[in-house]
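Colleague: based on what follows, work out the 3D shape:
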Amino acid sequence: MEEEALAPSRARRLSSSIEACSLCRFVDKPFVKYEAYLRWLPDEVRVLAVGESPPPGLKESSLYNASRFDRFRECMKLILGLRGELEALQRLKSSGVFVTAAVKCRPFSRRDLEAMRRSCLRWLEEELELLAPRRVVALGRAASASLSELLGLRPPRSVVEGGAARAAGLEVFFAPHPNYVLRFRRDLAPTLKGLLLGP
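Modeller: The predicted structure is shown next:
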């Protein structure tokens, strides 16, 4: 019961923090605009999956914008073996999984990603503190770099090879981005599904 009462306050705090941030130039703030924390944050976050960033440029696609096609959401749907457009988000939430990003705001271009990633370290750190997941899964290079910096870990040589570690009481896994898995390494889909939904 106490956990359920904390969930909305954590969601509002994270959303407000990101909304108030002005460290970078950005197109928009999809996590705020599409109410990612308010609508899709589980009462108890068991797994925090960290993606790269919202798609760069003047776009509206976003994992949490259900009114537009989004490649990341489509990949997650296929990796999880689901069919419906919103099923992936619903399944993740009901399984205690929240998908965040190393870069919270939409960059104008890919060239902006590294600087934005560094600026966003504080928000990822706040998510780890507030949500207190048991497991963190880094999906791709930017996510792996951010988690490695925050947790004092050596980044994996290759996210395709993956890796696992324990740090700060967390199970930490490094994995390729779902877009990469679907385009080049579909054989890794069951492993990624297990990291997200497994014990």
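Colleague: only C-alpha atoms from now on, for both contacts and neighbour counts.
Modeller: Noted.
Colleague: now the phi/psi pair for Arg111, please.
Modeller: Here is the backbone geometry of Arg111 (degrees, to the nearest 10): phi -60, psi -20.
Colleague: now do it, the pLDDT please.
Modeller: We have a pLDDT of 92 for Arg111.
Colleague: got it, and Ala5?
Modeller: Predicted confidence (pLDDT) for Ala5: 47.
Colleague: make sure I have this right: Val172 is in a strand.
Modeller: Yes. Counting by DSSP: H, G, I helix; E, B strand; the rest coil, Val172 is found in a strand.
Colleague: use 555 as the first number for this chain going forward.
Modeller: Happy to do that; since the first residue is 555 now, the last one works out to Val726.
Colleague: which stretches of the chain form helices?
Modeller: Here the chain has its helices, by DSSP state H, at 556-574, 584-587, 590-594, 625-633, 641-648, 667-673, 675-685, 695-705, 732-738, 743-751.
Colleague: kindly reformat these as a markdown table containing mean neighbour count.
Modeller: Shown next, in a markdown table, are the helices of the chain (neighbours: other CA atoms under 10 Å):
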| stretch | mean neighbour count |
| --- | --- |
| helix 556-574 | 15 |
| helix 584-587 | 20 |
| helix 590-594 | 19 |
| helix 625-633 | 20 |
| helix 641-648 | 18 |
| helix 667-673 | 18 |
| helix 675-685 | 17 |
| helix 695-705 | 21 |
| helix 732-738 | 17 |
| helix 743-751 | 17 |
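Colleague: can you redo those as JSON lines with distance to Ala722?
Modeller: Shown next, in JSON lines, are the helices of the chain (distance: least, CA to CA, whole Å):
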{"stretch": "helix 556-574", "distance to Ala722": "20"}
{"stretch": "helix 584-587", "distance to Ala722": "26"}
{"stretch": "helix 590-594", "distance to Ala722": "24"}
{"stretch": "helix 625-633", "distance to Ala722": "27"}
{"stretch": "helix 641-648", "distance to Ala722": "24"}
{"stretch": "helix 667-673", "distance to Ala722": "20"}
{"stretch": "helix 675-685", "distance to Ala722": "10"}
{"stretch": "helix 695-705", "distance to Ala722": "7"}
{"stretch": "helix 732-738", "distance to Ala722": "26"}
{"stretch": "helix 743-751", "distance to Ala722": "18"}
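Colleague: and those helices: which comes nearest Cys659?
Modeller: helix 584-587 (6.5 Å; CA to CA).
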